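# sharing a sequence plus its predicted fold:
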Amino acid sequence: HKTNINDDVNTLDGMLTELLESARLESSFGKLNLVHSNLLQMLKHVVTGLSSPVANIQLTCKQQNIFAEVDQMRLEIVLKNLINNAIKYAKDDLTIEIDMQKTANNVQITVADNGRGIPETELPFLFEPFYRVDKSRSKKTGGFGLGLSICKQIIEAHKGTIEIQSEQDKGTTVFISLPI
């Protein structure tokens, strides 16, 4: 029984952390801590920290030095969340493709998987707080439906955009655009 209680405490702790981050972003305390950051280095750091035995993560970036004024901790939350989602909802032969490129006035980051995809009817609601495509909230996927909502808040606080395209049984791609 102790492991079940510990699991429940950890689950609640995760939910509180997500709720607090969400509330912080909406309050004056949630001001971004912008730092001139090397986005490729940051992305490599996130990918290294998340290397999963089930996922083959392929990172492509043609430019070596892409710098932007970002809140590094919060942007890492976004990237970890998106990559973890890709791993969580994947098929067995999982490849996650992460691409970053710089244009004249922004940086584009895409996270694509070949997982089970999201039904078209669910796409408009993905960024709603507490919205979950998988209503069962099984132990396997966990979560509270806050991750994508927080991602959207963080990206919009950076004056960027985040969009999701998905096709059932083919996979999902998340597009992030950040001004530089």
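Looks like it arrived, so ask away.
# gap between stretch 161-180 and the chain center?
The chain centre lies 10 Å from the centre of stretch 161-180; the measure is CA atoms, centre = their mean, to the nearest Å.
# what's it in contact with?
Contacts with stretch 161-180, where a contact means CB atoms under 8 Å, 6 or more residues apart in numbering, come from 66-70, 78, 82, 86, 89, 102, 105-120, 123, 126-127, 148, 151-152, 155-156, 158-160. The way it works is simple: take the backbone N, C-alpha and C, and place the C-beta from them, glycine included.
# hang on, P129 packs against S149?
Yes: at 4.3 Å, P129 counts as touching S149 under the criterion of CB atoms under 8 Å.
# what's across from N56 in the sheet?
As for beta bridges, N56 partners with T95 under DSSP bridges.
# how many residues are close by it?
11 (other CB atoms under 10 Å).
# geometric centre of this structure: which residue is closest?
L82 (2.5 Å; CA atoms, centre = their mean).
# related to what we said a few turns ago, so of the contacts of stretch 161-180, which ones are in helices?
For these, the ones inside helices are V78, L82, A86, L148, C151, K152, I155, E156, with DSSP state H as the criterion.
# contact partners for the second one?
Put plainly, it is L82. Shown in contact with L82 (CB under 8 Å, 6+ apart): V111, C151, V174.
# so the residue nearest to the centre of the chain versus D99, what's the distance?
13 Å (CB to CB, to the nearest Å).
# low-confidence ranges in the protein?
1-4, 7-9, 11, 13-15, 18-30, 51-54, 90-93, 134-144 (pLDDT under 70).
# what are the boundaries of the strands in it?
With strands called from DSSP state E, the chain shows them at 35-38, 56-61, 67-70, 95-102, 106-113, 161-167, 171-179.
# what is the neighbour count of K31?
11.
# what's the neighbour count on the closest residue in space to K102 that isn't next to it in sequence?
Leaving aside its sequence neighbours, K102 sits nearest to I66 (CB to CB, 6 or more residues apart in numbering; 4.8 Å). A count of nearby residues for I66, using other CB under 10 Å, gives 21.
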